[in-house]
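S.K.: kindly return the folded structure for what I paste below:
(chains A and B)
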Amino acid sequence: DIVMTQSPDSLAVSLGERATINCKSSQSVLYTSKNKNYLAWYQQKPGQPPKLLIYWASTRESGVPDRFSGSESGTDFTLTITDLQAEDVAVYFCQQYYSTPWTFGQGTKVEIK
Amino acid sequence: EVQLVESGGGLVQPGRSLRLSCTASGFNFGDYVMSWFRQAPGKGLEWVGFIRSKSYGGTTEYAATVKGRFTVSRDDSKSIAYLQINSLKIEDTAVYYCTRILAVTAKYFDYWGQGTLVTVSS
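M.R.: Numbering: from 1, shown residues only, chains lettered A, B, ... in the order given. Sure, this is the predicted structure:
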């Protein structure tokens, strides 16, 4: 199974500042024929289902504010939230969908400082 | 508007069975792979299983932790995906979510239902 390791477990950021969440996969999730990393980022608020933010590691889902961005370098992935807003308080998960069992990071809780 | 609505959850005794439903609307259900995930209270997300579209054989795959007890099926005429859970265990207590995948575009998990809570307790 591919293990997804997120860091940090939680972080507190001031409104308007930047939040950076890291995710590392235990093996490559690059689908070579498509040259895409099968890595997604989700936002989950209490009592709600996960919301897809980013797919293919860096493609923003339709309707997601452009302050959310994803980047990739080998097996290291980053979700960056610039200009943090109050509504961004949530838990964020990375997920690989390269191979089953599809697996998630443990989650990063983002709070306002 | 795309909608996925799970139902069928509730309080169940250990060892009993339950069938969850995921009713879809707003898209061509038959074209999509349908997948189930779960989330135990206060925990992370866990993939449970999926069923391919008929054009990809309608076959299923499961997580090792549930294989043999969980069965995913689909009724394309009703736009419903099912998750049959047998021999329920305490550790099956979770919110169960369904989501979709469009294989031809490799677009995964863009819509999720609100989930249905399964509580296994005596």
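
S.K.: so B:L102 bridges to which residues?
M.R.: B:L102 has these beta-bridge partners by DSSP bridges: B:K107.

S.K.: now do the contacts for it.
M.R.: B:31-33 (C-beta atoms under 8 Å, 6 or more residues apart in numbering or on different chains). C-betas here are computed from N, CA, C, even on glycine.

S.K.: what is the nearest of those to chain A?
M.R.: Closest to chain A out of the contacts of B:L102 is B:V33 (10.9 Å), distances taken as C-beta to the nearest C-beta.

S.K.: got phi/psi on the residue nearest the centre of chain A?
M.R.: The residue lying closest to the centre of chain A (C-alpha atoms, centre = their mean) is A:W41, at 3.2 Å. The phi/psi pair for A:W41 (degrees, to the nearest 10) reads phi -120, psi 140.

S.K.: now swap in A:A86 and tell me
M.R.: The phi and psi torsions at A:A86 (degrees, to the nearest 10) take the values phi -60, psi -30.

S.K.: identify the spatial nearest neighbour of the residue nearest to the centre of chain A, chain neighbours not counted.
M.R.: A:I54 (4.1 Å; C-beta to C-beta, 6 or more residues apart in numbering or on different chains).

S.K.: in its sheet, what does whichever strand or helix holds the one you found sit against?
M.R.: Secondary structure from DSSP states H and E places A:I54 in strand A:51-55. Strand A:51-55 sits in its sheet next to strand A:39-44 (antiparallel), strand A:59-60 (antiparallel), going by DSSP bridges.

S.K.: any idea how far the nearest residue to B:G26 once chain neighbours are set aside is from A:T75?
M.R.: Spatially, and ignoring its direct neighbours in sequence, B:G26 is nearest to B:V2 (4.1 Å; C-beta to C-beta, 6+ apart). In this view, B:V2 and A:T75 are 32 Å apart by C-beta to C-beta, to the nearest Å.

S.K.: so for these two, which sits in the more crowded spot?
M.R.: Set side by side, B:V2 and A:T75 show more neighbours around A:T75, with 19 against 10, by other C-beta atoms under 10 Å in any protein chain shown.

S.K.: contact partners for A:Y92?
M.R.: Taking C-beta under 8 Å, 6+ apart, one finds A:21, A:41-44, A:53, A:79, A:107-108, A:110 in contact with A:Y92.
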